[in-house]
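Enquirer: just to be clear, the model below is a prediction. Sequence and coordinates:
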Amino acid sequence: MRIERIDWDGADPAGLARRLRAMTPALGDVSAEVAAIVNRVRDGGDAALRELCESFGEPVGESTLVDPEAVAAAPGLLEPPTREALRVAAANIEAVARAELETIAAPTVVELEQGHRVEVRTEPVGAAGVYAPGGRATYPSSVLMAALPARVAGVGRLAVVSPPGSSRRPSAPVLAACAIAGVQEVHAVGGAQAIAALAHGTETIAAVDVIAGPGNRYVTEAKRLVAGAVGIDGIAGPSELLVVADGSARAEWVALDVCAQAEHGDDSPLVVISPDAALLDRIAELVVELANERPSVAEAPLALIAAPGLELSLSFADAYAPEHLELAFAGADSAAARGRVAGCVFVGAGGATAFGDYAAGSNHVLPTGGAARFGGPLSPAAFMRRASVVSISAAAAAALAPPVSAIAAAEGFPVHGESATARAEGGS
């Protein structure tokens, strides 16, 4: 692991956050390459999709669509502990999503003083697509995290796309997660071309309204390019972790958390900030030991920051706005977590990010790169559309026409005023 020790005087936490963000390896400029892929699928449909898959070394079957019977049978291919673990995770994720839905889906009705009513309704989109990464690794957890909120939202059609393996299908764990999440439509295709197919449609893959799910820089860039043609859940960069700790924290646990996050890749930024220099020294030693013994831990960048105190450490954390934030200090509780700027906050000694990555029920599709300043976890809201319904009585039309006419005249659109006035003069 690439470790940097920083002694911070507490000045300009936003400046320190920018400095660390600048140290994160850039995703790379793949815009032109991805745009060519997206355009090719948009214009060429299934034939272009097949050609691209073959050129990238993906085994292509007669159709991208995986037999729904194979999907339904996939849980039986897993070892019982794995199958049960996916069911536990799914139950928790669904429970949290259903609780969120209660506040998201409730209609808002406002009766205005002029006598009219405005109602804001929330409805599920018609179709959603979920990208489940594959290739060298398999991510059934990402299927659950994206598909279950869509299902809870009430999306009518849900399609999962995931790269095929040697069997020309996604891995058994991914297919099992699809079955557990109630997904029947699964396509064995990955990369930017899969995103293009979901956005623009092909002869086999019908276009969707929203695309969600994590992926590599090509997938992320493809989502950025098709945004507008479809809705997307966000633009995600490398996974990240920031730990705020004091001398009471168990260095062994913090080191494990850091190494666990480094399993996501060598571009995952990791930060531990503490007023306790001895704790940082010990974490540095343990991280090196653990990483050397665990080949899955990548050479990710780790910044160990000595800070003047906990309050300044928390100020830096808010400025950094991490994807995952662990509060590992004495007295850390829900009050300390309230108002923190992060995608997901883990509180106290037991708050390992690994719980949220898999089975706690919180969603692991989170804002990265500082986007927690304005974004949040994936939820049923990402798969819902909002519409206003306006009901205007004759009395309300008479009351509203003068201000409408005045504003319209100021903007140089007099016919808007005429339209409103006509209702006011003509009754209901």
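Expert: Received, thanks.
Enquirer: quick check on Ala17: phi, psi?
Expert: Dihedral angles phi and psi of Ala17 (degrees, to the nearest 10) take the values phi -60, psi -40.
Enquirer: wait, it touches Ser315, no?
Expert: No: counting by CB atoms under 8 Å, Ser315 is not a contact partner of Ala17; they are 9.8 Å apart. The C-beta positions use only the backbone N, C-alpha and C, and glycine is treated the same way.
Enquirer: looking at these two, which is more packed in?
Expert: Neighbour comparison, Ala17 and Ser315: the larger count goes to Ala17, with 21 against 17 (by other CB atoms under 10 Å).
Enquirer: the chain: strands as residue ranges?
Expert: Listed in chain order, the strands found in the chain under DSSP state E are 2-7, 108-111, 117-124, 127-131, 157-162, 185-188, 210-212, 231-232, 241-245, 270-274, 301-306, 324-328, 344-347, 384-391.
Enquirer: which of those strands sits closest to Glu285?
Expert: strand 2-7 (10.2 Å; CB to CB).
Enquirer: just the pLDDT at the closest residue to Ala194 other than its chain neighbours, thanks.
Expert: Closest residue to Ala194 apart from its sequence neighbours, by CB to CB, 6 or more residues apart in numbering: Val161 at 4.1 Å. Val161 is assigned 97 on the pLDDT scale.
Enquirer: counting neighbours, what do you get for Val161?
Expert: Neighbours around Val161, by other CB under 10 Å: 29.
Enquirer: same check, this time on Val60
Expert: 16.
Enquirer: list the contacts for the residue nearest to it when sequence neighbours are not counted?
Expert: Distances taken as CB to CB, 6+ apart put Cys53 closest to Val60, at 4.8 Å, once the chain neighbours are dropped. Going by CB atoms under 8 Å, 6 or more residues apart in numbering, Cys53 touches Val60, Val189, Gly191, Gln193.
Enquirer: of these, which is the nearest to Met1?
Expert: Closest to Met1, out of all of these and judged by CB to CB, is Gly191, at 28.9 Å.
Enquirer: low-confidence ranges, this protein, go.
Expert: Across the chain, the ranges flagged by pLDDT under 70 are 25-28, 135-136, 427-428.
Enquirer: in it, which residue is most central in space?
Expert: Nearest to the mean C-alpha position of the chain, counting by CA atoms, centre = their mean, stands Val365 at 3.2 Å.
Enquirer: go ahead and confirm that one touches Gly213.
Expert: Yes: between Val365 and Gly213 a contact is recorded at 6.9 Å, counting by CB under 8 Å.
Enquirer: list residues touching both of those two?
Expert: In terms of CB under 8 Å, 6+ apart, Val365 and Gly213 are both contacted by the residues Ser142, Ala146, Asp233.
Enquirer: can you pick the most crowded of those residues?
Expert: Most surrounded of the shared contacts of Val365 and Gly213: other CB under 10 Å gives Ala146, at 31 neighbours.
Enquirer: give the burial count for the nearest residue to Ala298 once chain neighbours are set aside, as a bare number.
Expert: What sits nearest to Ala298 in space, not counting adjacent residues and going by CB to CB, 6+ apart, is Asp266, at 4.2 Å. Using other CB under 10 Å, Asp266 has 14 neighbouring residues.
Enquirer: of all the strands of the chain, which one comes closest to Arg169?
Expert: Nearest to Arg169 among those is strand 185-188; the distance by CB to CB comes to 5.3 Å.
Enquirer: which residues does the closest one contact?
Expert: Here strand 185-188 has contacts from 60-61, 64-66, 68, 71, 157-164, 168-170, 175, 178, 194, 197, 204-205, using CB under 8 Å, 6+ apart.
Enquirer: ok, now with 7 Å
Expert: 61, 64-66, 71, 158-162, 164, 168-170, 175, 178, 205 (CB atoms under 7 Å, 6 or more residues apart in numbering).
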